[in-house]
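Novice: need a structure here:
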Amino acid sequence: MVDPTRGVLYPGRLPLLHRLPADEEARDLIAWFWVPEWDLEPGIVSRQHVVGYPALNLVVEPEGVTLSGATSIATHRDLEGRGWAVGALLRPAAVRTLTEAPAELVDREIALAAPELHTAVVAAMTTDPERHRRATRVVADWLRLRSGPITDAARQANAMVDALVGEDAARSPEEAASRLAVSVRTLQRLAHRYVGVAPAAMIRRRRLQDAADRLRADPRQDLAALAAELGYADHAHLSRDFTAVLGIAPSAYRVVPAGRSGVRES
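Specialist: Numbering: from 1, shown residues only. Okay, the predicted model is just below:
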């Protein structure tokens, strides 16, 4: 099951958002699809805050196609008017097809020249009653055709991400390397080559997503106990990480109202 709110700091402020799993043939390339749609009144801006997964995203919007790198801090985007996007959270096996240097895309996005992909997705999102399924199928087919056969190295990179941020993920790079029967240095090279950020940074991002999810679910959560459960040395370590990446202390985040809101521009 794809969690529709994981990584979203204030789910109550979301526009209509769909998260869809990739079909069987595309699961080595795409973790899942995310498809937001919005239609806001004039003068209303909806600010969306996200602590992103340590991964790259392929995004198709009415304006064009972009490739977004992994992020080092929480990010936001202001939505206004009417619009949509079709995004694919990429598995490492898809990354080398689109860029040779994912580390250069950290906290950045670049435009991709993919007119046939853009035209087909826009057509699906504009005219098809089953627009989400049709649009995501277009993206999956395009990416499969562009990627070709999955190499052993790419499968190993996928396994690396699973070990670092998947279900029952490792608590340290050393543990992840042991699970994969590789050296820590090999793990670091895989992460740099296919994601662009270090294994330790990927683990920290997973912990912060877990912390934010837990605090939203139970604002009365004891922070010292939460820190211990997530593998932090202590409460202070969790608070420093949370504040550095999300820009807000965990004690403050858990009392911020989660209801839908907009910011009216002056």
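Novice: which helices and strands does the helix or strand where residue 158 lies pack with?
Specialist: Applying DSSP states H and E as the criterion places residue 158 in helix 152-165. Packing contacts for helix 152-165, counted by 3 or more CB pairs under 8 Å, 6 or more residues apart in numbering; DSSP states H and E, involve helix 92-98, helix 173-180, helix 184-194, helix 199-217. Using the backbone N, CA and C atoms, a C-beta is placed for each residue, glycine as well.
Novice: Okay, strands next: where are they in this protein?
Specialist: With DSSP state E as the criterion, the chain has strands at 16-21, 30-39, 44-50, 57-61, 64-68, 75-79, 82-84, 86-90, 109-112, 263-264.
Novice: Confirm for me that residue 202 is in contact with residue 166.
Specialist: No. With contact taken as CB atoms under 8 Å, residue 202 and residue 166 are classed as non-touching, separated by 10.6 Å.
Novice: what about the two, which has more around it?
Specialist: Per other CB atoms under 10 Å, whichever of residue 202 and residue 166 has more neighbours is residue 202, with 24 against 14.
Novice: What distance do you get for that one to residue 191?
Specialist: As judged by CB to CB, to the nearest Å, residue 202 and residue 191 stand 7 Å apart.
Novice: Now tell me which helix or strand of this structure has the poorest mean pLDDT.
Specialist: Of all helical and strand segments in the chain, the minimum by mean pLDDT, DSSP states H and E falls on strand 263-264, at a mean of 29.
Novice: Report the contact partners of the spatially closest residue to residue 147 that is not a sequence neighbour.
Specialist: Leaving aside its chain neighbours, residue 147 sits nearest to residue 97 (4.5 Å; criterion: CB to CB, 6 or more residues apart in numbering). Going by CB atoms under 8 Å, 6 or more residues apart in numbering, residue 97 touches 143, 146-148.
Novice: Take those residues and write them to TSV, including pLDDT.
Specialist: Output for the contacts of residue 97, formatted as TSV (pLDDT from 0 to 100):
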residue	pLDDT
143	97
146	95
147	94
148	93
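Novice: among those, who's most crowded?
Specialist: residue 143 (22 neighbours).
Novice: show me the contacts for it.
Specialist: Going by CB under 8 Å, 6+ apart, residue 143 touches 26, 29-30, 58, 88, 94, 97.
Novice: what's the pLDDT at the residue nearest in space to the middle of the chain?
Specialist: The centroid of the chain falls nearest to residue 53 when counting by CA atoms, centre = their mean (3.4 Å). Residue 53 carries a pLDDT value of 86.
Novice: do the same with the one 4 residues further on
Specialist: Residue 57 is assigned a predicted lDDT (pLDDT) of 97.
Novice: what about the closest residue to residue 148 other than its chain neighbours, distance to residue 105?
Specialist: Spatial nearest neighbour of residue 148, chain neighbours left out: residue 97 (7.9 Å); criterion: CB to CB, 6+ apart. Computed as CB to CB, the residue 97 to residue 105 distance reads 14 Å.
Novice: Residue 147 now?
Specialist: According to CB to CB, residue 147 and residue 105 sit 18 Å apart.
Novice: okay, and for the stretch 151-266 of the chain, where does confidence drop off?
Specialist: The stretch 151-266 of the chain contains residues with pLDDT under 70 at 255-266.
Novice: Mind putting the contacts of residue 97 into CSV with distance to residue 213?
Specialist: Formatted as CSV, the contacts of residue 97 follow (distance: CB to CB, whole Å):
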residue, distance to residue 213
143, 29
146, 34
147, 31
148, 36
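Novice: Domain-wise, how is the chain divided?
Specialist: The record's domain split for the chain, according to automatic domain parsing, is 11-147, 152-253.
Novice: Next, the residues that contact the helix holding residue 158 from outside, please.
Specialist: 28, 53-55, 91-93, 95-96, 169-170, 173, 176, 179-180, 182, 187, 190-191, 193-195, 199, 202-203, 205-206.
Novice: Show me what residue 64 is bridged to.
Specialist: Residue 64 has the following beta-bridge partners by DSSP bridges: residue 61.
Novice: That one is in contact with residue 113, isn't it?
Specialist: No. Using CB under 8 Å as the test, residue 64 is too far from residue 113 to be in contact (9.1 Å).
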